[in-house]
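Participant: Structure of the sequence below:
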Amino acid sequence: MSEPTDAERYPTLSESGRAMLLRMTEHPAAPTYRNRSGNRLLPADLEALAMFEAEMLTAPIGWRPGIPPAWIGAFLEQTYREVPHFRARGNAPSRLDDIATTSRADLARDIAAFVPDTVATDRLINFRTTGTTGHPLLIASHPRVAASYLTFHKRALARFGITLRAGSGDVGVVLLGHQQRCFTYVSVTPTMGEAGLAKINLHPNDWREADDRARYLDALAPEVVAGDPISFASLLELPVTMRPRAILSVAMMLTDGMRDRLEARFGCPVLDLYSMNEVGPIAVTDRALGGRVLLQPRLYVEIVDDAGHALPPGSRGEVCVTGGFNFCLPLVRYRTGDTAVLDMAGDVPMLRDFSGRRAVRFRTAAGAWVNNIDLSHALQRLSGAQFAIHQDSDGAISLALSADASDEAGIAEAALRRVLGDVPISVTTIVSEDKLLQYTSDLPGSLAA
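Facilitator: Residues are numbered from 1 along each chain as shown. Prediction:
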């Protein structure tokens with residue numbers, strides 16, 4: 001398969017957009033961009049996105065805990081008619097609670113069975129997510145779906161009084177990572193006047209000079225900075241003078257301490273978004289309300305027990321979602337692996353007492369910290385369904401592999417040593433079928449805070 005052309009990556013690119021791409025890649029302090037990407041949005045997509053945003057920014061959530069919204073019935077009928085996995089079950093049950101839940105493991109086994117027959121394959125895109133728990137996964141998506149994330153980020157920002165202003169000639173968003181190996185690229189956002197977008201890696205290996213990181217960020221002066229607690233910890237060590245209007249934490253758990261440090265340093269709101277690759281932005285934390293306020297009008301949330309049955313309002317259990325805006329992957333009672341209590345914040349549902357994925361760092365034999373995502377990359381080639389890594393207080397590593405990967409123990413151990421160095425590693429077999437907390441550590445400082 002041939003490499004896409006720039007015309008395919010940026011179908012509506014103007015001279016202003018082309019100048020923005022050159023500005024981000026040719027700056028004297030620019031990092032090494034290891035990948036190429038693009039929005040792939042056609043003129044018809046831009047029209048559809050404008051209509052979608054106009055509706056989603058103002059639409060009410062419109063349901064209360066335990067009372068499915070009116071649109072659920074039609075959604076289930078369409079999904080059971082068009083999606084092979086659900087069509088094989090027969091007719092859609094009339095009660096949502098009568099439907100068996102699905103999980104990441106179901107998607108990992110055969111993602112194609114969850115894509116509707118009506119979705120044209122010529123513009124399908126997919127991306128791999130390693131996550132911090134569960135199974136490696138390919139996600140079916142579409143350029144218009146990827147662009148729709150911005151709508152829900154705008155909805156979250158609006159709760160804090162922020163309306164994005166970036167347009168032609170501005171850099172709208174810089175996405176931060178801090179990994180030994182990171183997907184990095186530049187692009188433009190046609191729905192915001194081709195404002196620039198850059199995904200950069202703050203790891204020194206991606207830069208000619210370590211000081212270039214601060215110089216480059218200050219030169220771009222993005223309106224919004226997005227990342228995770230590990231990349232934010234690295235950002236706080238840099239002598240940047242940029243002043244973003246907002247910072248978005250879009251992965252892992254953000255502690256109040258980290259948020260306070262970021263807000264004090266940059267003088268802007270820091271939004272903690274609960275987001276999943278399978279679902280997109282689900283909720284945003286509102287500390288004044290004591291929970292995470294839901295963002296998607298077409299996403300219904302239940303709290304379920306271990307057997308998948310909906311729990312009464314006020315009960316703590318697993319977050320389970322139905323609906324969503326990814327028309328390539330309509331979800332029906334999809335278990336997220338995260339736990340919470342479903343409550344109301346006025347007329348908007350919210351999640352209280354949330355417990356989700358954590359940002360975990362691991363210490364190498366040389367005493368340096370590495371991101372858990374680096375370990376995911378190192379073990380990416382394993383064929384097994386699951387693995388879990390724990391670091392003891394003395395630095396020793398315990399690697400647990402699912403039974404279907406037990407013959408890959410040597411490969412896995414060698415892969416970990418390439419990242420961590422000569423640390424003690426023991427390998428065991430996972431005996432539980434439950435979803436595991438994939439990364440844990442007893443070392444002080446392992447949680448970015």
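
Participant: Let me see the ranges of the helices in the stretch 301-449 of the chain.
Facilitator: Using DSSP state H, counting those that start in this stretch, the helices of the stretch 301-449 of the chain run over residues 372-378, 409-420.

Participant: TSV for those helices, including mean pLDDT?
Facilitator: Below are those laid out as TSV (pLDDT from 0 to 100):
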stretch	mean pLDDT
helix 372-378	81
helix 409-420	94
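
Participant: looking at these, which is buried most?
Facilitator: The highest mean neighbour count among the helices of the stretch 301-449 of the chain, using mean count of other CB atoms under 10 Å, belongs to helix 372-378: a mean of 22. For glycine as for every other residue, the C-beta is placed from the backbone atoms N, C-alpha and C.

Participant: which secondary structure elements does that helix contact?
Facilitator: strand 361-363, helix 409-420 (3 or more CB pairs under 8 Å, 6 or more residues apart in numbering; DSSP states H and E).

Participant: for this protein, which strand is longest?
Facilitator: strand 331-345 (DSSP state E).

Participant: Using CSV, write down the CA coordinates of it.
Facilitator: Extracted in CSV, the C-alpha atoms of strand 331-345 (Å, rounded to 0.1, in the frame of the first residue of the first chain):
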residue,chain,number,x,y,z
LEU,A,331,-21.6,0.6,21.5
VAL,A,332,-24.2,-1.3,23.3
ARG,A,333,-23.7,-1.8,27.1
TYR,A,334,-20.0,-1.4,26.8
ARG,A,335,-18.1,-2.0,30.0
THR,A,336,-15.4,0.6,30.5
GLY,A,337,-13.5,-1.0,33.3
ASP,A,338,-13.8,2.2,35.4
THR,A,339,-16.0,2.5,38.5
ALA,A,340,-18.2,5.3,39.8
VAL,A,341,-21.5,6.4,41.2
LEU,A,342,-24.0,8.0,38.8
ASP,A,343,-25.6,11.1,40.2
MET,A,344,-27.1,14.4,39.0
ALA,A,345,-25.5,17.8,38.9
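
Participant: which strands and helices sit next to it?
Facilitator: strand 291-294, strand 299-304, strand 316-323, strand 348-355.

Participant: Neighbouring strands of the third one in the sheet, and parallel or not?
Facilitator: In other words, strand 316-323. The strands beside strand 316-323 in its sheet (DSSP bridges) come out as strand 299-304 (antiparallel), strand 331-345 (antiparallel).

Participant: coming back round to it: centre of the chain to the longest strand of the chain, how far?
Facilitator: Its chain's C-alpha centre and that of strand 331-345 lie 16 Å apart, by CA atoms, centre = their mean, to the nearest Å.

Participant: What of stretch 113-133?
Facilitator: With CA atoms, centre = their mean, you get 15 Å for stretch 113-133.

Participant: Put the alpha carbons of it into PDB.
Facilitator: Provided in PDB are the C-alpha atoms of stretch 113-133 (Å, rounded to 0.1, in the frame of the first residue of the first chain):
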ATOM      1  CA  ALA A 113     -18.000  -7.700  13.700                       C
ATOM      2  CA  PHE A 114     -18.800  -4.400  15.500                       C
ATOM      3  CA  VAL A 115     -18.600  -2.200  12.400                       C
ATOM      4  CA  PRO A 116     -22.000  -1.600  10.800                       C
ATOM      5  CA  ASP A 117     -22.600  -3.000   7.300                       C
ATOM      6  CA  THR A 118     -23.700   0.500   6.200                       C
ATOM      7  CA  VAL A 119     -20.300   2.100   6.800                       C
ATOM      8  CA  ALA A 120     -18.300   2.500   3.600                       C
ATOM      9  CA  THR A 121     -14.900   0.900   4.000                       C
ATOM     10  CA  ASP A 122     -13.000   3.200   1.600                       C
ATOM     11  CA  ARG A 123     -12.700   5.900   4.200                       C
ATOM     12  CA  LEU A 124     -12.400   3.800   7.300                       C
ATOM     13  CA  ILE A 125      -9.400   4.500   9.500                       C
ATOM     14  CA  ASN A 126      -8.200   2.500  12.400                       C
ATOM     15  CA  PHE A 127      -5.700   3.100  15.200                       C
ATOM     16  CA  ARG A 128      -4.200   0.900  17.800                       C
ATOM     17  CA  THR A 129      -4.700   1.600  21.500                       C
ATOM     18  CA  THR A 130      -2.600  -0.100  24.100                       C
ATOM     19  CA  GLY A 131      -4.300   1.600  27.100                       C
ATOM     20  CA  THR A 132      -3.300   1.000  30.700                       C
ATOM     21  CA  THR A 133      -5.600  -1.900  31.400                       C
END
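
Participant: if we can go back for a sec, closest one to residue 256 among the strands paired with strand 316-323?
Facilitator: With CB to CB, the closest approach to residue 256 among the strands paired with strand 316-323 belongs to strand 331-345: 17.0 Å.

Participant: Could you tell me the angle between that closest one and strand 348-355?
Facilitator: Orientation check (axes from the mean of the first three to the mean of the last three CA atoms, to 10 degrees): strand 331-345 against strand 348-355 gives 100 degrees.
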